[in-house]
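Asker: Here is my input, please return the structure:
(chains A, B and C)
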Amino acid sequence: MSPPVGPRERLRELGLGLPPVPAPRGRYRPWRRAGSLVVTAGVIAADQAGVRTGRVGDDLDVEAAREAARVAALALLAILDEAAGGLDRIAQLLLLHGYVRSAPGFGEQPRVVDAASELLAAVLDEAGLHARVALGVSELPLGAAVELQAWAEVAGG
Amino acid sequence: MSPPVGPRERLRELGLGLPPVPAPRGRYRPWRRAGSLVVTAGVIAADQAGVRTGRVGDDLDVEAAREAARVAALALLAILDEAAGGLDRIAQLLLLHGYVRSAPGFGEQPRVVDAASELLAAVLDEAGLHARVALGVSELPLGAAVELQAWAEVAGG
Amino acid sequence: MSPPVGPRERLRELGLGLPPVPAPRGRYRPWRRAGSLVVTAGVIAADQAGVRTGRVGDDLDVEAAREAARVAALALLAILDEAAGGLDRIAQLLLLHGYVRSAPGFGEQPRVVDAASELLAAVLDEAGLHARVALGVSELPLGAAVELQAWAEVAGG
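Answerer: Predicted coordinates:
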């Protein structure tokens, strides 16, 4: 019998690794926990290459915005990993807020946020399914293209 | 003694019925439940007649936006019904997010979202009272005029 | 031994007092509670002097927006005080949503919302630390510059 495959193995199979937990950009914390509930701070699309900036439908196309959503989703996973004491302790992701910096008339926010939802489901499997809100906002911190925020339930919490 | 009047009867008295649960527009679920908490996905104003599009204060007036909010609230009730196993099992609606696609300078989001709040209270009675956030956003999925999202507490959860 | 210093004493030391709980601007309630969870309605920056209006990066500078964020944070504390039955019964603030009405190209929402986070931490001490989402939105009710909303955990809930 092969050992069960968990979130870490699935990340590795995708050729991905968890980045460091993003440093808060102000007087707040990356996550809080109450009983079995974990809530994360908002995370913008940023990695060691910098902030993924732009406005979808203006200076950014949907594919680039989807890549920004994936970058933000990886940072979100890093926060969830720390908050839950391991991604395998996430019983279920409950809610994902996806904020997409959108040009006037751009209405394909679901396609953009889907890139994050797909990555979260690929890594967390059944536990990664979630309710979701996709919104178009005019501005995000540091000009980021995408910001994500999540609620999760932790096992044995 | 007449039987107690519940959410279904109140809906009927209003001449309304629950629409089908809206199909997710991507890789997510209409709702998740953790213990007695239910969280819904965002639902845009859409019914069998299509998406209620427009920007309030621009090509949509407040009354049309309020009607869009009612359409979205009915879809929200359909989700809550499925999530709770019946609307009569909603102990209380906790929070309603109302996102209104707004033209520059339009600040009457509360009047728009109120149409949803009024319908939810009319159907759920005391259990339908909720805290609320009304926001003006620049864009919503598919150009919808209104998007709603809610948290609720389920009885006996 | 001196008595322990609580939120009320810290407010007083800051020269501040709690305003009345803001009256809802529609058919909703200022807060709801489920078990040990408290959720507030959105509160715009308004006090007896009126609504703090404007658009940051346009007719409002960052300092004025930070002052608006402090005004909204005080109103948020008034709601939390009523919901929890005293600010000293807040076990932890969980999540703060900070919505900043932003001009195109303005990306310093974290600096604005930080003024609220700093006040909440100054008054609630360790219990005031929170996860946070800072967003730039195009419009807010009544043209307000800032709107806040929070989730908290109540002690002994």
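Asker: Go ahead and measure how far stretch A:78-95 is from the middle of the chain.
Answerer: 12 Å (CA atoms, centre = their mean, to the nearest Å).
Asker: Buried residues of that stretch, list them for me.
Answerer: Applying a neighbour-count criterion of 16 or more other CB atoms under 10 Å in any protein chain shown, one finds A:78-84, A:87, A:89-95 buried in stretch A:78-95. To be clear about C-beta, it is placed using only N, CA and C from the backbone, and glycine gets the same treatment.
Asker: give me every residue that touches the residue in chain A positioned nearest to chain C.
Answerer: Residue nearest to chain C within chain A (CB to the nearest CB): residue A:139, separated by 2.8 Å. Applying CB atoms under 8 Å, 6 or more residues apart in numbering or on different chains to residue A:139 gives the contacts A:101, C:100, C:102-107, C:109, C:135-137.
Asker: and the buried residues of stretch A:78-95, which of them are in helices?
Answerer: Counting by DSSP state H, the part of the buried residues of stretch A:78-95 found in helices is A:78-84.
Asker: With only the CA atoms kept, save stretch A:22-40 in PDB.
Answerer: Provided in PDB are the C-alpha atoms of stretch A:22-40 (Å, rounded to 0.1, in the frame of the first residue of the first chain):
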ATOM      1  CA  PRO A  22       3.400  37.200   3.400                       C
ATOM      2  CA  ALA A  23       4.500  39.900   5.800                       C
ATOM      3  CA  PRO A  24       1.500  42.000   6.900                       C
ATOM      4  CA  ARG A  25       1.500  45.500   5.300                       C
ATOM      5  CA  GLY A  26       0.400  47.200   8.400                       C
ATOM      6  CA  ARG A  27      -0.700  46.600  12.000                       C
ATOM      7  CA  TYR A  28      -2.500  43.300  11.500                       C
ATOM      8  CA  ARG A  29      -1.900  39.600  11.500                       C
ATOM      9  CA  PRO A  30      -1.900  37.100   8.500                       C
ATOM     10  CA  TRP A  31      -4.600  35.000  10.200                       C
ATOM     11  CA  ARG A  32      -6.700  34.500  13.300                       C
ATOM     12  CA  ARG A  33      -8.300  31.400  14.600                       C
ATOM     13  CA  ALA A  34     -11.500  31.000  16.700                       C
ATOM     14  CA  GLY A  35     -12.300  27.400  17.700                       C
ATOM     15  CA  SER A  36     -12.200  25.500  14.400                       C
ATOM     16  CA  LEU A  37     -12.600  28.500  12.300                       C
ATOM     17  CA  VAL A  38      -9.600  30.100  10.600                       C
ATOM     18  CA  VAL A  39      -9.800  33.500   8.800                       C
ATOM     19  CA  THR A  40      -7.000  34.900   6.700                       C
END
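Asker: Report the beta-bridge partners for whichever residue of chain A sits closest to chain B.
Answerer: Nearest to chain B, among the residues of chain A, is residue A:136, at 2.9 Å (CB to the nearest CB). Counting by DSSP bridges, residue A:136 is bridged to residue A:100, residue B:139.
Asker: That one reaches residue B:137, doesn't it?
Answerer: Yes. Using CB atoms under 8 Å, residue A:136 is in contact with residue B:137, at 6.0 Å.
Asker: More neighbours: which of those two?
Answerer: residue A:136 (30 against 24; other CB atoms under 10 Å in any protein chain shown).
Asker: pLDDT score for that one?
Answerer: At residue A:136, the model reports a pLDDT of 94.
Asker: Now do the same contact list for it.
Answerer: Neighbouring residues of residue A:136 by CB under 8 Å, 6+ apart: A:100-102, A:106-107, A:109, B:137-141.
Asker: Go again with 6 Å.
Answerer: By CB atoms under 6 Å, 6 or more residues apart in numbering or on different chains, the residues touching residue A:136 are A:100, A:102, A:109, B:138-139.
Asker: Residue A:93 now?
Answerer: Contacts for residue A:93 (CB under 6 Å, 6+ apart) come out as A:128, A:130, A:152.
Asker: does it have beta-bridge partners, and which?
Answerer: residue A:152.
Asker: measure it to residue A:108 for me?
Answerer: To residue A:108, residue A:93 is 23 Å away according to CB to CB, to the nearest Å.
Asker: Also residue A:68?
Answerer: Using CB to CB, residue A:68 is found at 14 Å from residue A:108.
Asker: more neighbours, the two?
Answerer: A direct count of neighbours by other CB under 10 Å for residue A:68 and residue A:108 places residue A:68 higher, at 29 against 21.
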